[in-house]
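Peer 1: Turn this into a structure:
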Amino acid sequence: MSRTERERLADLRARVAALYRANRRQGHAAWCDADYDYVCPSAETYPFQWFWDSCFHAIVLSHLDVGWAEAELRTLLRNQQPDGFVPHMTLWPAERPPDVTGPYRVAGRSPWLSASMQPPVLAEAVAAVAARGRGATYLREVLPAVRRFYEWCDRVRDPDRDGLIAIVEPHESGMDQTPAYDAYLGVAGGEPEDFEAAWRVVAESNAAAGHDTGAIIERDRFVVEDLAVNALYAANLRVLSGLLRQVGEIDAAARIDERADRTAAALLEHCWSSDDEDFHGLAGRDERRLPGGTVAGLLPIILGDLPAPIVDRIARRLEDPADFGPSHPVPSVSLSNPAYRRAPAGGTVLWRGPSWIGTNWYIARGLRRHGRAELATRIEDASLRLVERSGFREHYDAETGEGYGAKGFAWSALVLDLAEARVNERGAAPS
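Peer 2: Have a look, this model is predicted:
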């Protein structure tokens, strides 16, 4: 007799709990005289705290231990700057400042904190922790810091006031080496050193500008209104509005809704192309469209007011095995894109083809929001099978399901959130 789906879910919960215990980092950082308690993305590969990873970890932890989830976000916000900025990377457990010249060592004004942001997914993490924990009591404690962060995004990263926030170096998108940036960056080849060399030019330019966003945008070396960042920004503004309403801040919620409306409208007006029926990021002062054909162009599916014809187009692409619908979806690059690679090229070259659980999580939820339950189920089931077959890996071959990148990668545990929703809320079972 096969296991029941609740038995399968219990096994998954146990595996996730073991992974998070192994990746948990607790201690005291003398450099800022503060305690920390967070789940690192990978014990072997990524020992520090990253912004959007930490938000995903808090969502997973909300299913396991709400107090621990609160500690995750408390640690993330511990070094929020007076202007509201939250670094994408905090080097908590390092005994001395690490070498900031190596890959992923994005320097800032402090050797312990990056000057970069990451996709602004904080609100949905707070919402998950509040919903499964202390509710409005928790929200009243944390929302002032959350609001300051989103005010920073609006004030500092949208200088042209078009509703789209800008990133100023590739890592800020969370999709570091996406082929959408290749031509704009001037990437000369396909090896890790080619991407590192192109990124260095941007990093040095930003350092010369003193990591000041205004000065960086004026230099116009790498300024991108990124698709994924802005889709997630708009979605999280909607979540933030709902959280504010829960604590009675009705006027503030209305202002946030207006901001979300502006961002969603700008994505449709400036980034959607009826020619190739794809979304495109915008680069530079003249806002030229970047190439499409990446998973970022699917992420607007999370927006509830996305027009039905665009929803249909995204769904067709996800169903097409020659586009975004291979055996183990959703690939980070369309199979029809010449830049697509089944396996990572090596080193730190990421987001060139393999599937990631984080983007699957968003796409499946977006499809359900638009009534595409059957397609959402297919992606949810595929995600669960990837983890059951290859473990919690950073990303997976979209054609074979083989795992790649960091081992014990904690955000891949988002499959628990998908499985919990299916079994407990919808009464359906992962297959």
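Peer 1: in the stretch 51-200 of the chain, which segments are predicted with low confidence?
Peer 2: 94-107 (pLDDT under 70).
Peer 1: Would you map the helices across it?
Peer 2: 51-61, 66-76, 122-131, 136-157, 182-185, 192-208 (DSSP state H, counting those that start in this stretch).
Peer 1: mind putting those in JSON lines, distance to Glu402 and mean neighbour count included?
Peer 2: All C-beta atoms are positioned from the backbone trio N, CA, C, and that covers glycine. Supplementary listing: the helices of the stretch 51-200 of the chain in JSON lines, determined by distance: least, C-beta to C-beta, whole Å; neighbours: other C-beta atoms under 10 Å:
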{"stretch": "helix 51-61", "distance to Glu402": "22", "mean neighbour count": "26"}
{"stretch": "helix 66-76", "distance to Glu402": "30", "mean neighbour count": "22"}
{"stretch": "helix 122-131", "distance to Glu402": "30", "mean neighbour count": "24"}
{"stretch": "helix 136-157", "distance to Glu402": "37", "mean neighbour count": "17"}
{"stretch": "helix 182-185", "distance to Glu402": "25", "mean neighbour count": "18"}
{"stretch": "helix 192-208", "distance to Glu402": "20", "mean neighbour count": "18"}
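Peer 1: Would you format those helices as CSV with distance to Thr45 included?
Peer 2: Shown next, in CSV, are the helices of the stretch 51-200 of the chain (distance: least, C-beta to C-beta, whole Å):
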stretch, distance to Thr45
helix 51-61, 12
helix 66-76, 19
helix 122-131, 22
helix 136-157, 27
helix 182-185, 24
helix 192-208, 14
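Peer 1: of all these, which lies closest to Asn236?
Peer 2: Among the helices of the stretch 51-200 of the chain, helix 122-131 comes nearest to Asn236, with 4.1 Å by C-beta to C-beta.
Peer 1: Figure out which of the helices of the stretch 51-200 of the chain is closest to Leu282.
Peer 2: Nearest of the helices of the stretch 51-200 of the chain to Leu282, taken as C-beta to C-beta: helix 182-185 at 10.4 Å.
Peer 1: Show residues contacting the closest one.
Peer 2: For helix 182-185, the external contacting residues (C-beta atoms under 8 Å, 6 or more residues apart in numbering) are 170, 195, 198-199, 201-202, 222, 224, 283-284, 290-291, 339.
Peer 1: Check stretch 212-221 too.
Peer 2: 156-157, 159, 166, 168, 201-202, 205-206, 208-209, 223, 284-285.
Peer 1: switch to 10 Å and redo it
Peer 2: Stretch 212-221 is contacted from outside by 85, 109, 115, 117, 152, 155-157, 159-160, 166, 168-169, 184-185, 201-210, 222-223, 283-286, using C-beta atoms under 10 Å, 6 or more residues apart in numbering.
Peer 1: Count the residues that sit near Arg341.
Peer 2: 17 (other C-beta atoms under 10 Å).
Peer 1: My read is that it contacts Val333, right?
Peer 2: Yes: applying C-beta atoms under 10 Å, one finds Arg341 in contact with Val333, separated by 7.6 Å.
Peer 1: Identify the contacts common to these two.
Peer 2: Pro179, Arg352, Gly353, Pro354.
Peer 1: Tell me if the second one really is in a strand.
Peer 2: No: with DSSP: H, G, I helix; E, B strand; the rest coil as the criterion, Arg352 is coil rather than part of a strand.
Peer 1: Can you classify the nearest residue to it once chain neighbours are set aside by secondary structure?
Peer 2: The shortest distance from Arg352 to any non-neighbouring residue, by C-beta to C-beta, 6 or more residues apart in numbering, is to Arg341 (4.7 Å). What three-state DSSP gives for Arg341 is coil.
Peer 1: Can you tell me how far Arg341 is from Arg285?
Peer 2: 32 Å (C-beta to C-beta, to the nearest Å).
Peer 1: tell me which of the contacts of helix 182-185 is nearest to Ala260?
Peer 2: Among the contacts of helix 182-185, Val224 lies closest to Ala260 (C-beta to C-beta), at 20.4 Å.
Peer 1: re the thing from before, nearest to His57, of the contacts of helix 182-185?
Peer 2: For the contacts of helix 182-185, with His57 as the reference and C-beta to C-beta as the criterion, the closest is Pro170, at 22.8 Å.
Peer 1: That closest one contacts Asp226, doesn't it?
Peer 2: Yes: Pro170 is in contact with Asp226 according to C-beta under 10 Å; the separation is 9.3 Å.
Peer 1: list the residues that contact both of these two?
Peer 2: Thr178, Ala180, Tyr181.
Peer 1: May I see those residues organised as a markdown table, with neighbour count and distance to Leu91 added?
Peer 2: Putting the shared contacts of Pro170 and Asp226 into a markdown table (neighbours: other C-beta atoms under 10 Å; distance: C-beta to C-beta, whole Å) gives the following:
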| residue | neighbour count | distance to Leu91 |
| --- | --- | --- |
| Thr178 | 25 | 25 |
| Ala180 | 30 | 28 |
| Tyr181 | 27 | 25 |
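Peer 1: For Leu76, which non-adjacent residue is closest in space?
Peer 2: Distance criterion C-beta to C-beta, 6+ apart; nearest residue to Leu76, sequence neighbours excluded, is Ser54 at 4.6 Å.
Peer 1: tell me the contacts of that neighbour?
Peer 2: Here Ser54 is in contact with 38-41, 72-73, 75-77, 86, 88, 90, 118, 121-122, 125, 410-411 (C-beta under 10 Å, 6+ apart).
Peer 1: same check, this time on Ala283
Peer 2: Contacts of Ala283 (C-beta under 10 Å, 6+ apart): 166, 180-181, 183-185, 220, 222-226, 289-290.
Peer 1: Check those residues against Ile59 and report the nearest one.
Peer 2: Of these, the one sitting nearest to Ile59 (C-beta to C-beta) turns out to be Asp226, at 21.8 Å.
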